[in-house]
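Enquirer: just coords:
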């Protein structure tokens, strides 16, 4: 399609500003606009899709996928313009985002394609009303606020969905990184590695308590060799974990305290008489086995 | 609401069935101590599996029950504290000091049997 020069948009003549469209007129213009967009749907949508590939957006998706999504976006766009409500569009944007985020589509691409659609539609309006400058201006008055709101809604929907996915992944990582392991009947080990923030500490406690109940554990060894430092809040969480475990009938042995963490515990005045600690994990497991009445003896069988 | 108290050999088992009012808790305390005296029980198990909330009054009453029962030479074990309840309790600083705890009734009985087998 030949590109036409849009008519120059200079400051509006005084006569126009004196006649801002009434509400009915604005509604009428909107209807005309929506009709035009529906009539030229195929052509405008194609133009949009070709501009998307021209500008090299959505490279993570195939041509067929882009076309399919473009159709839905176009229709939702026009519907939002028509109904002047944006909830359906918001829901659609989040739904779309849920599908394309795992495909690696970035925020700038989503914003980019929505703006491209806005441009493509605007240009078609310029083309249609180029002989009636006054009408063009009034149509644009109806179109622009709605088009901007749409761009905004889609972009924000996308970003919110991304944030939700990130939070979900963080949650999954947190759970993965604090496994509660059963190494003997009634003996659980909780090896903690890395940084513990209050949220992770809380999650750890919940997981451990559930694990105690599920496995009917009587002894738990919490190994913090892999934890470099602990602030006072987290140290308190550790103490609470020990106490809560006791309420479920389990004894906790803490192993692998670094000198720094030992210092923190002393500083916050933890009654170390109440906290069972052993130097390292091996020692902790050995003591746990003694508490449970296990005795490990060398076997007469063949060994490595 | 009265809490049912069952005699199981040398032990008493009190099963709390729902949220107890402060008055119910007081009544439980008196009933338990009376029965420990009457049956010369060696231990009391209080099963709180059905309690989904433990406030400071309940916690203090359980501690007092344990103290009074110890004065009669008997042991107290609280069983069945739910993970969520345990978590909430420690956050509020309710520790049930001086009271034995076990995961559930089975564990509680096993613990007591082990303990008295060793000492008798």
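Expert: Noted; the coordinates are in hand. What you see is a predicted model; the values in this text were computed from it and never measured.
Enquirer: all strands of chain B, in order?
Expert: In chain B, the strands defined using DSSP state E lie at B:5-8, B:11-15, B:43-47, B:75-79, B:100-102.
Enquirer: nearest to residue A:172, of these?
Expert: Closest approach to residue A:172 among the strands of chain B (Cβ to Cβ): strand B:100-102, 32.7 Å. C-beta: built from backbone N, CA, C; applies to glycine.
Enquirer: who does the closest one pair up with?
Expert: Applying DSSP bridges, strand B:100-102 is found paired with strand B:75-79 (parallel).
Enquirer: give me the contact list for the strand it pairs with.
Expert: A:247, A:249, B:42-49, B:62, B:65-66, B:69-70, B:96, B:99-105, B:107-108, B:111-112, B:115 (Cβ atoms under 8 Å, 6 or more residues apart in numbering or on different chains).
Enquirer: let's have the strands of chain B in a markdown table, adding distance to residue A:287 and mean neighbour count.
Expert: Below are these laid out as a markdown table (distance: least, Cβ to Cβ, whole Å; neighbours: other Cβ atoms under 10 Å in any protein chain shown):
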| stretch | distance to residue A:287 | mean neighbour count |
| --- | --- | --- |
| strand B:5-8 | 33 | 13 |
| strand B:11-15 | 30 | 20 |
| strand B:43-47 | 27 | 24 |
| strand B:75-79 | 23 | 23 |
| strand B:100-102 | 20 | 22 |
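Enquirer: what's the angle from the longest helix along chain B to strand B:75-79?
Expert: Taking DSSP state H as the criterion, chain B has its longest helix at helix B:22-39. Using axes from the mean of the first three to the mean of the last three Cα atoms, to 10 degrees, the inter-axis angle of helix B:22-39 relative to strand B:75-79 is 140 degrees.
Enquirer: element containing the closest residue to residue A:81 other than its chain neighbours?
Expert: Excluding the flanking residues, the one nearest residue A:81 by Cβ to Cβ, 6 or more residues apart in numbering or on different chains is residue A:146, at 5.1 Å. Take DSSP states H and E as the rule and residue A:146 turns out to sit in helix A:133-176.
Enquirer: what about residue A:189, neighbour count?
Expert: For residue A:189, the count of nearby residues is 22 (other Cβ atoms under 10 Å in any protein chain shown).
Enquirer: which elements pack onto the helix or strand harbouring it?
Expert: Following DSSP H and E, one finds residue A:189 within strand A:187-193. Other elements packing on strand A:187-193 under the criterion 3 or more Cβ pairs under 8 Å, 6 or more residues apart in numbering or on different chains; DSSP states H and E are strand A:181-184, helix A:198-215, strand A:219-226, helix A:281-292.
Enquirer: can I get the ones you listed in TSV with mean pLDDT, distance to chain B and mean neighbour count?
Expert: Converted to TSV, these look like this (pLDDT from 0 to 100; distance: least, Cβ to the nearest Cβ, whole Å; neighbours: other Cβ atoms under 10 Å in any protein chain shown):
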stretch	mean pLDDT	distance to chain B	mean neighbour count
strand A:181-184	91	15	13
helix A:198-215	91	4	19
strand A:219-226	93	12	22
helix A:281-292	92	12	17
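Enquirer: and of the ones you listed, who's closest to residue A:71?
Expert: Nearest of these to residue A:71, taken as Cβ to Cβ: helix A:198-215 at 42.3 Å.
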